[in-house]
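S.K.: Need coordinates for the following:
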Amino acid sequence: MAQLQSTGITGSLQLYTVANTGSAGNLWFNTTTNKLNLSYNYTGGVWATGGTMITARQALAGAGTQTAALAFGGNTPTIVGCTETYNGTSWSTGGALITARSGLAGAGTNTSTLAFGGVTPVNSNATEAYNGTSWTAGGNLITARNLLAGAGTSNTTALAFGGQPAGSTATEAYNGTSWTAGGTMTLAKVAGAGAGTNTSTLAFGGVSPALSNNTQTYNGTAWTTVNNMITARKSLAGAGASNTAVLAFGGDTSPVQVKCTEAFNGGAWSAGSFLITARNCLAGAGASSNTALAFGGGAPGQILACTEAYVQGTYVFVCAI
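M.R.: Take a look at the predicted model:
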């Protein structure tokens, strides 16, 4: 390793860490503060323990961001309609779904959420919109299905895709009132995940019908196959505000639950830090590949209430004083 040499700098060396500020690859000496600074871009993150959910459940859905999230539906193993909101620290009770169901999908923010599909225990086409307080009925899906995925930014702009029965390739777009047919997926997906907006969507993982690492992007009209995930898995979760900055986490490799996390940058997947608790059938929320929330799900012999937050990594710099 090359040695850093300098003249005229005296004093002791101390090691500091600071939060990611967006700088990258810089080394400089500040003559005003007499400090030598080194910063380098760190795009990863680590999972940290968050607040425990009120109701442990799996096969639930999620929406929102890391500090303003919504969890709804799922099973305990009894199918439930309960809703919880997260403020970045703790969960509180929200208005219950009109129709209790598991294996559903969601989209939007914690105050403008859409819940759709699922099983009641029969496949459902029900759609409900949440305003931060209560759910109201919306237009039914064209195709009743469960174990589908969703994406979108509000309860008036959402996308539903994949699911079962029969490994659906169907895509539907919601305009706040009704669903219309969209482009057909390049590969059918059951128990896959989705993230992004209704016109910048990423679909990944699932069963197709074999365990899949297939990844597809949607531009509002058509799906395109892109680079595969590193680990093929189903019953995973995802987070991200577009199809170029997505985090995928958890799931199972049939039947082993996994901790693995992967980040997608629009071209390829890269490995991230492991979840603290391996789990499948979990839900996720988050606006980017650096700030995500994982909650609920199943692990061997148990249904989980634990929450984990994916927090940005840090820079390390050396200071000469």
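
S.K.: Strands of the stretch 101-250 of the chain, residue ranges please.
M.R.: Ranges of strands in the stretch 101-250 of the chain, per DSSP state E, counting those that start in this stretch, are 105-108, 113-116, 127-130, 135-137, 149-154, 157-161, 171-174, 179-181, 193-196, 201-204, 215-218, 223-226, 237-239, 246-249.

S.K.: got these as TSV, with mean neighbour count, mean pLDDT and distance to Asn75 columns?
M.R.: Every C-beta, even on glycine, is put in place using the N, C-alpha and C of the backbone. Conversion of the strands of the stretch 101-250 of the chain to TSV gives the following (neighbours: other Cβ atoms under 10 Å; pLDDT from 0 to 100; distance: least, Cβ to Cβ, whole Å):
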stretch	mean neighbour count	mean pLDDT	distance to Asn75
strand 105-108	28	98	15
strand 113-116	29	98	15
strand 127-130	24	98	17
strand 135-137	15	98	18
strand 149-154	26	97	18
strand 157-161	28	97	20
strand 171-174	24	98	24
strand 179-181	15	97	25
strand 193-196	30	97	18
strand 201-204	28	98	24
strand 215-218	24	98	28
strand 223-226	16	98	30
strand 237-239	31	97	16
strand 246-249	29	96	20
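
S.K.: Including distance to Asn280, could those go into JSON lines?
M.R.: As requested, the strands of the stretch 101-250 of the chain are arranged in JSON lines below (distance: least, Cβ to Cβ, whole Å):
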{"stretch": "strand 105-108", "distance to Asn280": "16"}
{"stretch": "strand 113-116", "distance to Asn280": "20"}
{"stretch": "strand 127-130", "distance to Asn280": "25"}
{"stretch": "strand 135-137", "distance to Asn280": "26"}
{"stretch": "strand 149-154", "distance to Asn280": "14"}
{"stretch": "strand 157-161", "distance to Asn280": "20"}
{"stretch": "strand 171-174", "distance to Asn280": "24"}
{"stretch": "strand 179-181", "distance to Asn280": "28"}
{"stretch": "strand 193-196", "distance to Asn280": "11"}
{"stretch": "strand 201-204", "distance to Asn280": "15"}
{"stretch": "strand 215-218", "distance to Asn280": "19"}
{"stretch": "strand 223-226", "distance to Asn280": "24"}
{"stretch": "strand 237-239", "distance to Asn280": "9"}
{"stretch": "strand 246-249", "distance to Asn280": "11"}
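
S.K.: Do I have it right that Gly272 meets Thr231?
M.R.: No - contact criterion Cβ atoms under 8 Å: Gly272 and Thr231 do not qualify, at 11.4 Å.

S.K.: neighbour count winner among these two?
M.R.: Between Gly272 and Thr231, counted using other Cβ atoms under 10 Å, Gly272 has the larger neighbour count: 23 against 18.

S.K.: Chain neighbours aside, what residue packs nearest to the more buried one?
M.R.: Thr261 (3.8 Å; Cβ to Cβ, 6 or more residues apart in numbering).

S.K.: show me what contacts that neighbour?
M.R.: Under the criterion of Cβ atoms under 8 Å, 6 or more residues apart in numbering, the contact list for Thr261 reads Trp47, Leu247, Ala248, Phe249, Ala271, Gly272, Ser273, Phe274, Leu275, Tyr310.
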